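Asks: Please work out how this folds:
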Amino acid sequence: MHRPGSYHALLTFSVLALLCVGVVMVYSSSAMFAEKENDTEFFLKKQMFFALLGVAAMVAAKNVDYRRLRVLAYPLLALAFVALVAVLIPKLGAHINGARRWIRLGPVQFQPAEYVKLALIVYLAYSLARKQEKIKSFTVGFLPHVMLVGMLCLLLLRQPDFGTSVVLFFILFAMLFVAGAKISYLLGAIMVAAPFAYHVIMRSEYRAKRMLAFLNPWEHRRTIGYQVTESLMTIGSGGMWGMGLGEGKQKLFFLPAAHTDFIFAIIGEEFGFAGIIGVALLFVLFVYSGIQIAMRAGDLFGMFLAFGVTAAIAAQAVVNMMVVTGLLPTKGFTLPFVSYGGSSLVITMAGVGLLQSVHAVRGTPPPVAADDELPAPVAAPAGASARVLRPLRRLRSLMPRGRNRRR
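Replies: Have a look, this model is predicted:
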């Protein structure tokens, strides 16, 4: 009953378009860096390999009925904890640029934090669907999830990786909000966490410098504000239509991380404001498609899963764009689908595959596993108009009216 050929057209278009933009821009922005490897196409070849691997991961995830993941929610979460512990072991974790965030397996490096995001989304989708009747309970629907994410963040801070910790809490709060948790609990948790976050930032010299550079980058133009000011000049030099593909100058060792965290600035330089708007619109199409899939899902697990994946990718994209444009302190977040990278791209594409799976299996009977391995699915109300979707009611008006309800 699974429909392996059923892809969401708008989602597929937006993702593949961003992927193509990424391959082209990685080559444009990395050729000078690649000369150190005696091959100007070094990063291009690797990015094309990662892109193909990502597409394979998307197709594989899409062709697996997402409802089978319910039984894997706990094992996936346990593996996330194991990976975060393993990265701290000296012989396994690679120490790069003052942080231990990668597991090195021969010539391959894997960043566990990327996997942790997806594993957490799967677990939260399962847990929130199972506890839907008690989601407003502090001890059942709220506290256990906060404590779980808190433990993951403690391991992340050991690397240290403060940015991913913030992303995990954003994913948690976004999914709790959509699930119907009490707003007072969410606001209270933010108020409690704010002093702790401030302490974590200020007790670290490099984080404090980043905050200072964010508040007044031009005053520290030659020191801690260098990357931000170079990024702003890179975007500004592109004007409305840009200097043309490959014609940018800031990638010539002026702008650090031009092919990774700050590739959005190179897009602005070579394609101008028009290019920036074009990439932003592709992400808007992605978010629209993800929310549409979530609202049409056949059960609560699928709805929470689709919303969680969409929120995580959208949040990372928004943060990256805001960092590049000087609206947030500098943080090592890549631009999803576009920036150079292996772990991030492959895991993100696998998440897109889960979105495609939620779209493909809606309206089909749940899978039947041997020995009744799978717990009974929690069904979404007909028309998806129950209380669980009230936080998204305004977004419903953006959807085509004739297709919103399942007959």
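
Asks: Could you work out the end-to-end span of stretch 33-52 for me?
Replies: Criterion C-alpha to C-alpha, to the nearest Å; first-to-last residue distance in stretch 33-52 is 22 Å.

Asks: begin at 35 from here
Replies: Right, with 35 as the first residue, what we last looked at is stretch 67-86.

Asks: what comes up buried for that stretch?
Replies: The neighbour-count criterion (16 or more other C-beta atoms under 10 Å) identifies 67-68, 76-78, 80-81, 84-85 as the buried residues of stretch 67-86. For glycine as for every other residue, the C-beta is placed from the backbone atoms N, C-alpha and C.

Asks: any idea which of those is closest to Asn250?
Replies: Distance ranking of the buried residues of stretch 67-86 against Asn250, using C-beta to C-beta, places Phe67 first at 29.5 Å.

Asks: Show me what the longest strand belonging to the chain is packed against.
Replies: In the chain, assigned by DSSP state E, the strand with the most residues is strand 133-139. Here strand 133-139 touches strand 127-130, strand 142-144, helix 146-164, going by 3 or more C-beta pairs under 8 Å, 6 or more residues apart in numbering; DSSP states H and E.

Asks: switch the cut-off to 10 Å
Replies: Contacts defined by 3 or more C-beta pairs under 10 Å, 6 or more residues apart in numbering; DSSP states H and E place strand 133-139 against helix 107-120, strand 127-130, strand 142-144, helix 146-164, helix 377-395.

Asks: who does that strand pair up with?
Replies: strand 127-130 (antiparallel), strand 142-144 (antiparallel) (DSSP bridges).

Asks: Of all those, which one comes closest to Leu52?
Replies: For Leu52, the closest of the strands paired with strand 133-139 is strand 142-144, at 22.6 Å, according to C-beta to C-beta.

Asks: Show the average pLDDT along the closest one.
Replies: What strand 142-144 shows for mean pLDDT is 78.

Asks: Which positions in that strand come out as buried?
Replies: Going by neighbour count (16+ other C-beta under 10 Å), the buried part of strand 142-144 is Phe144.

Asks: Redo the helices and strands packed on strand 133-139 as a markdown table? Include distance to Gly197.
Replies: Formatted as a markdown table, the helices and strands packed on strand 133-139 follow (distance: least, C-beta to C-beta, whole Å):
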| stretch | distance to Gly197 |
| --- | --- |
| helix 107-120 | 15 |
| strand 127-130 | 15 |
| strand 142-144 | 18 |
| helix 146-164 | 9 |
| helix 377-395 | 13 |
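
Asks: which stretches of the protein aren't confidently modelled?
Replies: 35-39, 131-132, 140-141, 397-441 (pLDDT under 70).

Asks: ranges for the helices of it?
Replies: Assigned by DSSP state H, the helices in the chain fall at 43-68, 76-96, 107-120, 146-164, 177-191, 196-213, 217-236, 239-249, 260-271, 297-329, 334-358, 377-395, 427-430.

Asks: how about a markdown table for those helices, with distance to Gly278 added?
Replies: As requested, the helices of the chain are exported to a markdown table (distance: least, C-beta to C-beta, whole Å):
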| stretch | distance to Gly278 |
| --- | --- |
| helix 43-68 | 10 |
| helix 76-96 | 18 |
| helix 107-120 | 43 |
| helix 146-164 | 33 |
| helix 177-191 | 41 |
| helix 196-213 | 33 |
| helix 217-236 | 40 |
| helix 239-249 | 31 |
| helix 260-271 | 12 |
| helix 297-329 | 6 |
| helix 334-358 | 20 |
| helix 377-395 | 26 |
| helix 427-430 | 38 |
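
Asks: Which of these sits closest to Leu286?
Replies: helix 43-68 (5.7 Å).

Asks: Thr359 against Met267, yeah?
Replies: No: under the criterion of C-beta atoms under 10 Å, Thr359 makes no contact with Met267, lying 11.9 Å away.

Asks: where do the contact lists of the two overlap?
Replies: Common contacts of Thr359 and Met267 (C-beta atoms under 10 Å, 6 or more residues apart in numbering): Ala299.

Asks: if I look at Leu202, how far off is Leu186?
Replies: Note on Leu202: its distance to Leu186, by C-beta to C-beta, to the nearest Å, is 6 Å.
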